[in-house]
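**Student:** please work out how this folds:
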Amino acid sequence: MTLKERITEDMKAAMRAKDSARLGAIRLLQAAIKQKEVDERVTLDDAAVAAIVDKLAKQRKDSIAAFTQAGRQDLADKETAELAVLQAYLPARLSAEEVAAAVKALVAEVGASGPADMGKVMGAAKARLAGKADMAAVSAAVKAALAG
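**Tutor:** Sure thing, here's the model as predicted:
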């Protein structure tokens, strides 16, 4: 079963269970997927769907931080619930140690030496680690690897 099919099945299950919070989050995800498919006139594969889920999850994290800072815990709780639903569709993430090891290997593979090569390493890292790791953590690991 593809990721898109799993999302559709989960939406049907949420409808049957009358779980409006979960249903709302899944519908937002499906709308984003459909929008991308219509805009680009393609059928998305699992990697592209995972990228959309990752983007929506990042938006939720940013919203949670903003709402918490503004003292709107009610809205932060809603975003947290949506984030939990979205994270169920993301592939398992690499640990910090695994990210550091992968970045170290990429730096050696690309032949980077120093902060000037950050773009070269990040391009390779994005191709290899997209969807498997948080790109902010990857960027921090690349900076650390190139600085040291």
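**Student:** show the subsequent helix or strand relative to the longest helix belonging to the chain.
**Tutor:** Ordering each helix of the chain by length in residues (DSSP state H) puts helix 46-69 first. Where DSSP states H and E defines the elements, the next helix or strand beyond helix 46-69 is helix 73-87.
**Student:** off-centre distance for that following helix?
**Tutor:** Taking C-alpha atoms, centre = their mean, to the nearest Å, one finds helix 73-87 lying 15 Å from the centre of the chain it belongs to.
**Student:** and if you look at stretch 121-129?
**Tutor:** 15 Å.
**Student:** okay, it in PDB with CA atoms only?
**Tutor:** Taking C-alpha atoms only, stretch 121-129 is exported to PDB below (Å, rounded to 0.1, in the frame of the first residue of the first chain):
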ATOM      1  CA  VAL A 121      27.900  19.300   1.000                       C
ATOM      2  CA  MET A 122      24.300  20.400   1.700                       C
ATOM      3  CA  GLY A 123      23.300  19.700  -1.900                       C
ATOM      4  CA  ALA A 124      24.600  16.100  -1.500                       C
ATOM      5  CA  ALA A 125      23.100  15.800   2.000                       C
ATOM      6  CA  LYS A 126      19.700  17.000   0.800                       C
ATOM      7  CA  ALA A 127      19.700  14.400  -2.000                       C
ATOM      8  CA  ARG A 128      20.700  11.600   0.300                       C
ATOM      9  CA  LEU A 129      19.000  12.500   3.600                       C
END
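**Student:** show residues contacting that stretch.
**Tutor:** Under the contact criterion C-beta atoms under 8 Å, 6 or more residues apart in numbering, stretch 121-129 has outside partners 94, 99, 102-103, 106-107, 109-110, 112, 135, 138-139, 142, 145-146. All C-beta spots, glycine's among them, are computed from the backbone N, C-alpha and C.
**Student:** buried set for it?
**Tutor:** 121, 122, 124, 125, 129 (16 or more other C-beta atoms under 10 Å).
**Student:** and the pLDDT for the fourth one?
**Tutor:** In this case it means residue 125. Note on residue 125: pLDDT of 81.
**Student:** mind checking how far the most centrally placed residue in the chain is from residue 87?
**Tutor:** Closest residue to the average C-alpha location of the chain: residue 54 at 1.9 Å, with C-alpha atoms, centre = their mean. Separation of residue 54 from residue 87 (C-beta to C-beta, to the nearest Å) stands at 10 Å.
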